[in-house]
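K.L.:
based on what follows, work out the 3D shape:
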Amino acid sequence: MRRWRRNAVVTTGAIVTVLGSMAVPAHAAPVGDLSDQTAVAATQRATSDAGQPTGTGVSSDGVSVPASGPARVVLTSPSGAAATVTAQRSDGSRVVNGAAVADAGGAKIVSQAVSPGVAQHAITIGSAPGASSYAFEVGGLSDQRLSLRPDGGVALRASQDGVDVTLGSVATPWAIAADGGHVTTRFEVDGSTITQLVEPTAATRFPVVADPRITFGRSVQINLTGGEANAVRRAAAAVLGVGVKIGCTSAARAAVAAVGGPVGASASAVLSLGCKYGEAALVSKLFDTARAHGPYEDLQCYAGELLAAIGGKLAPVASENCSA
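P.N.:
Numbers count the residues shown, from 1 in each chain. Okay, here's the model as predicted:
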């Protein structure tokens with residue numbers, strides 16, 4: 001079976017990443033006269049200038065922002081999976097005007113819930129002599145893997161036996177100056193660390209706000225190559241042949257594993273990850289519809305939703321969804 005990549009997507013509201021992360025200012029800039037109140041106001045203004053929804057407080061459905069210690073956001077999916085985003089070298093979180101504010105070297109981290117499953121860690125920089133970088137250590141899942149997306153954002157995935165599930169994302173980064181101008185910024189990924197680089201110029205007006213926006217747990221979309229989809233189809237037929245219904249039961253897991261070989265391994269990984277992060281009824285539906293509607297073209301990429309009510313079947317999608 002030819003494999004480019006297998007992945008499923010678990011997103012929360014807007015696409016913004018993540019589970020546990022740490023923001024590390026590699027080049028600390030002096031905060032100067034940047035007060036907590038000014039940092040919160042700058043965050044709200046810059047977020048609006050960027051055309052994004054502003055924060056709504058320190059809690060929302062699936063999001064909580066602790067008001068002590070380092071800057072941290074906790075995200076929880078309907079399936080019970082949890083992730084945290086912690087700003088490294090930050091401390092002293094306190095609630096100011098409905099947001100948690102922490103000191104992080106020469107910046108302040110303003111953390112808020114935005115909507116169900118969506119959180120914001122806004123890096124507010126008072127002034128800077130040059131480029132600054134802020135690293136976010138992503139954690140919370142034992143099987144996680146991070147990768148840059150073509151749009152500059154970051155996909156947060158879990159992986160098992162070569163099958164990937166995208167659990168959330170960090171949206172395409174942006175940075176806005178005090179006068180509304182855009183500041184050059186980008187993400188880099190190294191292992192479990194996401195680093196946002198911010199590159200102001202001599203003409204940049206401070207404070208500058210850079211926004212890692214995190215989404216987690218409101219959608220589970222599994223992306224499979226046609227070869228992998230055919231493995232699911234064959235496993236579903238084999239299991240049905242021995243009188244077992246595909247689902248998140250121990251009997252179903254054992255029956256799929258018993259198929260053996262690459263087909264059994266791929267189908268078992270899809271079943272395991274789907275049951276862990278998705279909805280059991282839609283996992284069952286995915287196997288049933290794969291069996292009924294295959295075979296699939298080996299080099300085509302297919303996607304299936306495993307959380308929303310419309311899910312449970314595979315449809316062709318762009319090939320980049322199945323790229324490594």
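K.L.:
pLDDT below threshold where in the stretch 51-200 of the chain?
P.N.:
Scanning the stretch 51-200 of the chain with the threshold set as pLDDT under 70 gives 129-130.
K.L.:
I figured Gly92 hits Ala102, correct?
P.N.:
Yes - contact criterion Cβ atoms under 8 Å: Gly92 and Ala102 qualify, at 5.7 Å. Glycine gets a C-beta too; all of them are placed from N, C-alpha and C.
K.L.:
the two: who's more crowded?
P.N.:
Just comparing Gly92 and Ala102: by other Cβ atoms under 10 Å the higher neighbour count belongs to Ala102, 28 against 13.
K.L.:
contact partners for the more buried one?
P.N.:
Pro70, Ala71, Ala87, Ser90, Asp91, Gly92, Ser93, Arg94, Lys108, Ile109, Ser111 (Cβ atoms under 8 Å, 6 or more residues apart in numbering).
K.L.:
in helices, which of the residues you listed fall?
P.N.:
The helices, defined by DSSP state H, take in nothing from the contacts of Ala102.
K.L.:
just name the closest of those residues to Ala128, please.
P.N.:
The shortest gap between Ala128 and any of those belongs to Lys108, at 13.1 Å (Cβ to Cβ).
K.L.:
how close does that closest one sit to Pro200?
P.N.:
16 Å (Cβ to Cβ, to the nearest Å).
K.L.:
these two: which has the busier surroundings?
P.N.:
When Lys108 is set against Pro200 and neighbours are counted by other Cβ under 10 Å, the residue ahead is Lys108, at 30 against 23.
K.L.:
dump stretch 110-117 to PDB, keeping only the CA atoms.
P.N.:
Presented in PDB, the C-alpha positions along stretch 110-117 are these (Å, rounded to 0.1, in the frame of the first residue of the first chain):
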ATOM      1  CA  VAL A 110      -2.400  38.300  27.500                       C
ATOM      2  CA  SER A 111      -4.400  35.100  27.600                       C
ATOM      3  CA  GLN A 112      -8.100  34.700  27.000                       C
ATOM      4  CA  ALA A 113     -10.800  32.400  25.800                       C
ATOM      5  CA  VAL A 114     -12.200  33.500  22.500                       C
ATOM      6  CA  SER A 115     -15.100  31.100  21.800                       C
ATOM      7  CA  PRO A 116     -15.800  27.400  22.600                       C
ATOM      8  CA  GLY A 117     -12.500  25.500  22.000                       C
END
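K.L.:
that stretch: how far from the chain's middle?
P.N.:
In terms of Cα atoms, centre = their mean, to the nearest Å, the centre of stretch 110-117 is found 14 Å from the chain centre.
K.L.:
also stretch 279-293?
P.N.:
Between the centre of stretch 279-293 and the centre of its host chain there is 24 Å, according to Cα atoms, centre = their mean.
K.L.:
let me see the residues that make contact with it.
P.N.:
Around stretch 279-293, the neighbours that count as contacts under Cβ under 8 Å, 6+ apart are 79, 220, 222, 229, 232-233, 235-237, 239-240, 245-248, 267, 270-271, 274-275, 296, 304-307, 311-314.
K.L.:
in that stretch, what's buried?
P.N.:
Of the residues in stretch 279-293, Glu279, Ala280, Leu282, Val283, Ser284, Lys285, Leu286, Phe287, Asp288, Thr289, Ala290, Arg291 count as buried by neighbour count, 16 or more other Cβ atoms under 10 Å.
K.L.:
swap in stretch 106-118?
P.N.:
106-118.
K.L.:
any idea how far Val95 is from Ala235?
P.N.:
Using Cβ to Cβ, one obtains 51 Å as the distance from Val95 to Ala235.
K.L.:
which one's more surrounded, those two?
P.N.:
Neighbour tally, Val95 and Ala235, criterion other Cβ under 10 Å: the higher count belongs to Ala235, 29 against 16.
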